[in-house]
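Trainee: model the structure of this input:
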Amino acid sequence: MNDLLIGLEAVLSWQPLLFMLVGVVGGIAVGAIPGLTATMTIAVLLPFTFALDPLPGVCFLLGIYSGAVYAGSIPAILLRIPGTPSSAATLLDGYPMALKGKAGQALTISLLASGFGGLIGGVLLLALAPVLAGFALSFGPAEVLQTHSPVNMRVRAVSVYSHLWTVTLPTVRPFSTNSCASRSVVGEIGASVVVAVVRMRP
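Mentor: Reported below is the predicted structural model:
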């Protein structure tokens, strides 16, 4: 808890907040251009962080990413062109609202959804980071997992679930979906190419 308070005190000082605000404005300006994703916006504006201290630089990059993710909905709502891949679904409801003269309302809803979604995601990450770090540290080198360890069983359960979900997806191209799923399942059979350990044993 003490570390959290120290981090909040450092982030809530004037310099990181100022750079975060500048980053949000820059992210919105660049992210609103169709075809420029949030990741590309960070790549374009990254050189501005070279002369900064680490904390303001990271806050600047976080502001850029947040602003660019929201800004992708601006051309999606106004022009029916998703600015980022994450805003592709926004045009399904946003553009019809813009045609009815409710573009401002659609942009406000998108802004609030992006803001609250980011806050909720940040709080969840803050709460679950120790659990996720412990889970990640339980992995060893590539593919060297004990066959019946709890971590290995969880990884295999997620793998099997994703295979089943892929196969049952309603799609126009069932051949592509089934071939992708079968390749994934076949990849779980046999010996590992790295350490020659048998992957799946009864």
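
Trainee: quick one: residue 5 is in a strand?
Mentor: No: read with DSSP: H, G, I helix; E, B strand; the rest coil, residue 5 is helix and lies in no strand.

Trainee: neighbours around it, how many?
Mentor: 9 (other C-beta atoms under 10 Å). Where you see a C-beta, it was placed from the backbone N, CA and C, and this is true even at glycine.

Trainee: distance of it from residue 48?
Mentor: Between residue 5 and residue 48 the distance is 30 Å, computed by C-beta to C-beta, to the nearest Å.

Trainee: where in this protein is the helix or strand with the lowest mean pLDDT?
Mentor: Ranking every helix and strand in the chain by mean pLDDT, DSSP states H and E puts helix 174-186 at the bottom, with a mean of 53.

Trainee: for the record, mean pLDDT for the longest helix along the chain?
Mentor: When the chain is parsed with DSSP state H, its longest helix is helix 103-137. Average pLDDT, helix 103-137: 87.

Trainee: what comes up buried for it?
Mentor: Under the neighbour-count criterion of 16 or more other C-beta atoms under 10 Å, helix 103-137 has 103, 106, 107, 109, 110, 114 buried.

Trainee: next: stretch 88-96.
Mentor: 90, 91, 94, 95.

Trainee: secondary structure, pLDDT and distance to residue 17 added to those residues, as JSON lines?
Mentor: Compiled in JSON lines, those are given as follows (DSSP: H, G, I helix; E, B strand; the rest coil; pLDDT from 0 to 100; distance: C-beta to C-beta, whole Å):
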{"residue": "90", "secondary structure": "helix", "pLDDT": "87", "distance to residue 17": "28"}
{"residue": "91", "secondary structure": "helix", "pLDDT": "85", "distance to residue 17": "32"}
{"residue": "94", "secondary structure": "helix", "pLDDT": "90", "distance to residue 17": "30"}
{"residue": "95", "secondary structure": "helix", "pLDDT": "90", "distance to residue 17": "34"}
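
Trainee: my read is residue 81 is in a helix, agree?
Mentor: No: according to three-state DSSP, residue 81 belongs to no helix; its state is coil.

Trainee: quick one: contacts for it?
Mentor: With contact set as C-beta atoms under 8 Å, 6 or more residues apart in numbering, residue 81 has these partners: 34, 75, 91.

Trainee: let's see 7 Å
Mentor: 34, 75 (C-beta atoms under 7 Å, 6 or more residues apart in numbering).

Trainee: and the pLDDT at it?
Mentor: In this model, residue 81 carries a pLDDT of 89.

Trainee: what does residue 86 give?
Mentor: Here the pLDDT value assigned to residue 86 is 80.
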